[in-house]
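>>> My questions are about this predicted structure, shown below with the sequence.
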Amino acid sequence: MAKKLVFLLVMIFVLLSVSVTVFAGTGSDAPEVGFTDDKANLENKDSGNKVRVSDLEEKYGEVFFGEDSESSTEIVSINYGRVYPFEMRHEFFGQTNDYDIQNPHIMLMYIKRDGKYVRLKDVERKTNITEEICYLNTVVDLENIGQNKVNEVRVIIFRKNDVDNLVLDENLQITNFEITFRRWNPVERAFFELKQVFN
């Protein structure tokens with residue numbers, strides 16, 4: 001029995017020490033829904049005009065939602081990870097050293113549903129748009145869980161001052177992700193509970 005206990009403790013320690021994945025809880029008790037119609041506005045500070053996300057979608061819809069739209073260059077490198085203890089929750093994040101206080105980065109999030117891209121909203125901010133100078137971060141709930149169920153997520157990034165003339169691979173980045181995941185298993189749950197105790 002003592003050998004089993006020592007082995008279990010050693011395994012937990014090894015898992016804790018090699019963990020490098022970023023997981024961030026939102027502290028929100030809101031239901032796991034992050035996708036609905038959006039009324040977010042993008043304010044252009046230079047002109048004082050308010051540009052609706054829906055206006056951007058109408059103007060650039062062909063490139064934003066084109067089946068083959070994807071850029072070969074990156075403005076910001078985007079990564080993602082699951083957020084414990086939520087089953088559906090994922091954090092998308094990226095950082096760049098190329099920043100300008102007067103010209104922040106804009107990130108729009110979409111997920112494909114029934115063959116069409118729809119807005120994927122941040123669980124706290126209730127919008128699919130993120131505006132930051134150098135570090136982009138959003139936490140969303142994906143729709144499909146199970147190893148054979150794919151979440152097709154599209155991330156669109158550009159600089160705020162370029163909003164009137166976006167060109168793919170010049171000043172517009174489109175990155176696509178195909179994400180599958182399963183429910184947390186008991187070992188993973190125990191690992192994260194212990195990790196929270198030691199943090």
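Right, received. Where do you want to start?

>>> which residues touch Glu188?
Neighbour list for Glu188: Tyr84 [criterion: CB atoms under 8 Å, 6 or more residues apart in numbering]. Where you see a C-beta, it was placed from the backbone N, CA and C, and this is true even at glycine.

>>> Quick check: Tyr110 touching Lys116?
No - with contacts counted by CB atoms under 8 Å, Tyr110 stays clear of Lys116, the gap being 9.4 Å.

>>> gap between the strand ranked longest in the chain and the chain center?
For the chain, the strand that runs over the most residues, judged by DSSP state E, is strand 146-159. Chain-centre distance of strand 146-159: 8 Å, with CA atoms, centre = their mean, to the nearest Å.

>>> just to revisit the earlier point, touching both of Tyr110 and Lys116, which residues are there?
Between them, Tyr110 and Lys116 share these contacting residues under CB under 8 Å, 6+ apart: Phe65.

>>> Those two - which one has more neighbours?
Taking neighbours as other CB atoms under 10 Å, Tyr110 and Lys116 compare with Tyr110 leading, 22 against 9.

>>> Just the pLDDT for the more buried one.
Turning to Tyr110, the model gives it a pLDDT of 99.

>>> and it, what are its bridge partners?
Beta-bridge partners recorded for Tyr110 (DSSP bridges): Arg119, Arg154.

>>> what is the mean pLDDT for the longest strand of the chain?
96.

>>> Can you mark which positions in it are buried?
Residues Asn151, Glu152, Val153, Arg154, Val155, Ile156, Ile157, Phe158, Arg159 are the ones in strand 146-159 that count as buried (16 or more other CB atoms under 10 Å).

>>> mind checking how far the nearest residue to Asn103 once chain neighbours are set aside is from Ser54?
Of all residues not flanking Asn103 in the chain, Asn161 sits nearest, at 4.5 Å (CB to CB, 6 or more residues apart in numbering). As judged by CB to CB, to the nearest Å, Asn161 and Ser54 stand 20 Å apart.

>>> Over to Asn176?
Distance of Asn176 to Ser54, given as CB to CB: 22 Å.

>>> again, but for Met88
For Met88 relative to Ser54 (CB to CB), the value is 26 Å.

>>> More neighbours: which of these two?
Taking other CB under 10 Å, Met88 and Ser54 do not tie; Met88 has more neighbours (19 against 14).

>>> By average pLDDT, which secondary structure element in the chain comes out worst?
Every helix and strand in the chain was compared by mean pLDDT, DSSP states H and E; the lowest is strand 41-43, with a mean of 51.

>>> show me what contacts the residue most central in space within the chain?
Residue closest to the mean C-alpha point of the chain, counted by CA atoms, centre = their mean, is Phe92 at 2.7 Å. Neighbouring residues of Phe92 by CB under 8 Å, 6+ apart: Ile78, Asn79, Tyr80, Met107, Met109, Leu136, Asn137, Thr138, Val139, Val140, Val153, Val155.
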